[in-house]
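K.L.:
Quick one, structure for this:
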Amino acid sequence: MHRCVLRHVVVLACLVISHQNDSGAADAPANSKMPDPIGLEIFEKVVRPTLVKHCYECHSDATDDVGGDLWLDSADAMRSGGISGPAIIPGRPGASTLLSALEYRDAEMPPDGQLPPETIASFRKWIARGAPDPRKSTGKAPAKPDAKSAFPAASELWSIQPIVAPDIPVIQDDQWSRSDVDRFILAALGERAMSPNRDASPEVLIRRLSFDLLGLPPSPDLVASFTADPSETHYAKIVDTMLGSKEFGRRWARHWLDVVRYGESAGSSRDVLMIHAWRYRDYVIDALNRDLPYDQFVIEQIAGDLLDSTDAQERERQRIATGMLAIGSKSLNGGNLTHDIVDDQIDVVSKAFLGLTVSCARCHDHKFDPIPTADYYALSGIFQSTETLYGGGTNRPTGLADQLKVYLSLDPLPDAKTRKDLDQLQKKATQLQRQIAASKRQLPNRIRAVPEEYRNVDPKSLPDTVDRKTATAVRQLNAARKILKQRQDELASIEASIPEPPRFFIGVREKGKANDAAILIRGEKNQRGDVVPRSFLSAVNQCNANLDKFDAQISKAESGRRELAQWVVASENPLTSRVIVNRIWQHLMGRGIVETVDNFGVSGSPPSHPALLDHLAHTMVHQHHWSLKSMVRTLVHTSTYRQSSEFDPTDYQADPDNRLRWRMSRRQLEAEPFRDAMLSVSGLIDVSPLDQSLVARIGEGEVGRNLNTRVLEEPFNRRSIYLPIIRGLVPESLKIFDFPEPSNIQGMRSANTTPTQSLYLMNSPDVIRMARSFASNLLNDSSLADDQARITQAYRLCFARSPSGDEIQRAIQFIKLPTFIPDDTSRSDDSSKPIDARLDAWTVYCQTLLASAEFRLVN
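P.N.:
Numbering: from 1, shown residues only. Model (predicted):
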């Protein structure tokens, strides 16, 4: 059938399908007044410091003669603008005169030289995200570098106060709660005279559970089994089976990769591939499947290279774990690369584990939280004493000496004598390689061209008529060959005595000499202030007894990462457990107890259920002993998780954002489980682990510079966590469906519905390929006797439910539309070949199911 006709049919079918049930839309996002967290981060890390350094001198209350009547020292002033109009128009970077001036398209600002491309790009991104700006009003000159900030006292920030196990609420006539978690929820609802929803139906619950734990739709057999027996015992058995599945790690690892800004290239204007980043991805999958205790998970990512392990595999795994510190985006076009890498490492550690935006204190004391610049540079000294490795070796070393060089540079052996012996072997190997090459060059050209097995000849076998000089030359040749053979045997012996080099990886190690860092005034590397001893966050130590002991334990011989890791996971540190249980809650319930999951500071949102958050944090440490799977198991067994998503107008009026959890919010599948679900129902999915990465198969290189990316264009049926994450070439199937910017730390994804998504689902060759496979499987399944049975099976695969009579009737009418009936000219000369019209009809029908709102929604 002609593709244009097919597309029109798909559109018609989508319209029909979308009105066949009442679950056609996800719940509207919360009407939060919180600024965009990514935009706010760009402002604090790039925009504000740039304005202070380059603009305030002429465009703030610091001067008596404000250029162009344009003040840039407050949000209102920038939006109001000066003589030339508003400096910025939120959401419209192309219409913002400030950006035009920075790009030197009109005025040229700053006049003493254009800003780096990365800085200008950050301004563009900030404006596009709505230009969030917490500055309130003009009338104050910018603070001097040594001025005291107005951040709150440590005692005023809720998140760094000690965790005290709260009392469990006592509920009279409680027929709903299955756990203590439910009692906290029910108590909060009772204070507002609200009540929770009833349990979801077995079909809805098992589909929700399957997507939440595995990222895949449940099989029709599992749905039928649980519908027939929805008992607590059966549910518990299914939960345990899912938690034990390898697919659990592949689903939940992607949550963590969002938090640690995972990518397989440097990003920025020079997007160099990092072909060994995939090892860190696989480490995370394995750690989650093994249920590695979260405190150990944290320690390995911060200081895995410093851990003592006698097992070679374990030692390698722990070193790979430090890839978290090395996989961030990097600007390779000059600038301040070393300090930028350190800043990235401070940012990921503080946000991922502590939920604090410490990197905002790089150029000045934190504007909101009790984090002075001195704390930032105390941490900076730790990471400045750390060497970051990018896995720069190739998988095809050029020779033995190169293998040794890479081996020693990535994994220095602790034993000095062994290192010395290997150095001597390396020198001997290099010398032998040169001697062998020289020996081969001394052979006559014609002899060198003779195959190896025919080069040795016995002079005694030569006829008497052969010239005596020729016989002598042959004897000399054999003698040379004998020496060459001896050298080759000696080289082979050396090679056999050298251990296999480790697999290459991206990670960190100690720098050899640890140093404290000097404060850089306004973040400028040439304006050095006082040297700050390496230590941790002073406000957290101030509020929690015994935490400051880790500062004193920092060794002069090491960077301090070991002690930093211990400080982060210490039971006295209230942030780490609060942050991780909030992340788990968000992934299961749709929204965190603290909505700003990466920001537990003043500019973040307060917890909706403070006592529940502390109950979960205390339970995580003292009962579950940091087991992530145990916490997931606890939450999916609650009545709170099992609620239906039914709408109640009265409860909605009282709590339109569902912050009190009176029902389960409908959620859109993220890009990866959405794609994986299409692969699954089409029968194409390959759930086996991917060896290496498609990026590793491309090899070393830079995006836009003759990279052979054909491997990226081939059909790929593995789970979406194995898709290549090249920062400048994110796959379309991810990018269109709200995949996070891989250079950003983003623990909470946005969920949008756009025309681009509909166009993709209608026109993508990959979606059509999956729909055709789906249709072919239905038509070729001998157990499906007729079209009604096929439609029923399609619904069970896609929606975990049976279709209604009306849905079956409409589907049958659709697949028998005249559009799909071929005329005589479409028949093949070979009458034995089937006509595709039936497959075309079913392909379009299956495509409409995959493109429907219900398929992407989890109720």
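K.L.:
Helix or strand next in line after the strand or helix carrying residue 579, which one?
P.N.:
In this assignment (DSSP states H and E), residue 579 forms part of helix 574-589. Using DSSP H and E, the helix or strand that follows helix 574-589 in sequence is helix 610-622.
K.L.:
elements contacting that following helix?
P.N.:
helix 180-191, helix 574-589, helix 628-636 (3 or more Cβ pairs under 8 Å, 6 or more residues apart in numbering; DSSP states H and E). Yep, even glycine has a C-beta here, placed from its N, CA and C like the rest.
K.L.:
for these, which one ends up most surrounded?
P.N.:
Compared across these, helix 574-589 shows the largest average neighbour count, a mean of 23 (mean count of other Cβ atoms under 10 Å).
K.L.:
Render the CA-only coordinates of that helix in PDB, please.
P.N.:
Below are the C-alpha coordinates for helix 574-589, written out as PDB (Å, rounded to 0.1, in the frame of the first residue of the first chain):
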ATOM      1  CA  PRO A 574      20.900  13.000  57.700                       C
ATOM      2  CA  LEU A 575      21.100  13.900  54.000                       C
ATOM      3  CA  THR A 576      22.100  10.700  52.400                       C
ATOM      4  CA  SER A 577      19.300   8.500  53.600                       C
ATOM      5  CA  ARG A 578      16.700  11.200  53.100                       C
ATOM      6  CA  VAL A 579      17.800  11.800  49.500                       C
ATOM      7  CA  ILE A 580      17.800   8.200  48.400                       C
ATOM      8  CA  VAL A 581      14.500   7.100  49.900                       C
ATOM      9  CA  ASN A 582      12.900  10.200  48.300                       C
ATOM     10  CA  ARG A 583      14.300   9.100  45.000                       C
ATOM     11  CA  ILE A 584      12.900   5.600  45.400                       C
ATOM     12  CA  TRP A 585       9.500   7.100  46.500                       C
ATOM     13  CA  GLN A 586       9.400   9.300  43.400                       C
ATOM     14  CA  HIS A 587      10.000   6.500  41.000                       C
ATOM     15  CA  LEU A 588       7.200   4.400  42.500                       C
ATOM     16  CA  MET A 589       4.700   7.100  43.400                       C
END
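K.L.:
From the chain's centroid, how far away is that helix?
P.N.:
In terms of Cα atoms, centre = their mean, to the nearest Å, the centre of helix 574-589 is found 17 Å from the chain centre.
K.L.:
what mean pLDDT does it have?
P.N.:
The average pLDDT for helix 574-589 rounds to 98.
K.L.:
Okay, angle between that helix and helix 610-622 too, please.
P.N.:
Orientation check (axes from the mean of the first three to the mean of the last three Cα atoms, to 10 degrees): helix 574-589 against helix 610-622 gives 110 degrees.
K.L.:
for stretch 676-688, which positions count as buried?
P.N.:
Neighbour-count burial for stretch 676-688 flags 676, 677, 678, 679, 680, 681, 682, 684, 685, 687 (criterion: 16 or more other Cβ atoms under 10 Å).
K.L.:
hang on, the earlier thing: just checking, what packs against the helix holding residue 579?
P.N.:
Applying 3+ Cβ pairs under 8 Å, 6+ apart, we find helix 574-589 packed against helix 246-259, helix 294-303, helix 538-543, helix 610-622, helix 628-636, helix 639-642.
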